[in-house]
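>>> Turn this into a structure:
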Amino acid sequence: MRKLLIIATLLVFGATIYALTFRVEAKTSDKAEIAALEHHLMSSIRTKDLDGVMSVYVPDDSLFVFDVIPPRQYVGVSAYREDWKGVLASFNGPITAEISGLRITSSDNLGFGHSIQHITGTDRRGKSVDWILRVTDCYRKIKGKWLIVHEHYSVPVDLETAKADLTSKP
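Model prediction:
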């Protein structure tokens, strides 16, 4: 009887270790998938691929975004698509888009991440563009695919001048 109890205990222990290992691997996989989504967004910005940009967002009216470009908020993928269309068209020539400091947390089908995004280029009037943006994204895993469901871009504001600091440093 004691031998049976020891074997049962070892089986339970082994199954628990296996389940925990699988869970850690799943979370690592989720973080890698979310990071790939963010890097795909940067690549799509660099190539001015509007469909590629929009492919990282939930494709319906549940999308909610606080952007640095007015209006205060965008509700739904159609509204945000128009925003991105205008942003990409405002650049004359290539866009440089880099992401740094990406931190991701995920659990089951929800996650969030934050990063710094640096966008540079030349606008249609020939003026140099250099934006350093703080970004927080909320993700949902829908039908096995991670998508951004809420996005919040921001920049620090100099309270004395009430001007945005688009080249902020840590």
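
>>> Tell me where this structure has strands.
64-66, 74-75, 91-107, 110-123, 128-142, 145-154, 157-158, 163-164 (DSSP state E).

>>> does Phe112 really touch Asp137, like I thought?
Yes. Phe112 lies in contact with Asp137 (Cβ atoms under 8 Å); the separation is 6.6 Å. For the C-beta atoms, the positions are set from N, CA and C on the backbone; glycine is no exception.

>>> check contacts around the closest residue in space to Ala97 that isn't next to it in sequence.
Once flanking residues are discounted, Ala97 sits nearest to Ile45: 4.0 Å by Cβ to Cβ, 6 or more residues apart in numbering. With contact set as Cβ atoms under 8 Å, 6 or more residues apart in numbering, Ile45 has these partners: Val53, Leu88, Ile95, Ala97, Ile119.

>>> related to what we said a few turns ago, export the strands of the chain to CSV and tack on distance to Ala35?
Conversion of these to CSV gives the following (distance: least, Cβ to Cβ, whole Å):
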stretch, distance to Ala35
strand 64-66, 20
strand 74-75, 24
strand 91-107, 6
strand 110-123, 8
strand 128-142, 11
strand 145-154, 10
strand 157-158, 29
strand 163-164, 28
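
>>> If anything else comes up later, I'll come back, but that's it for now.
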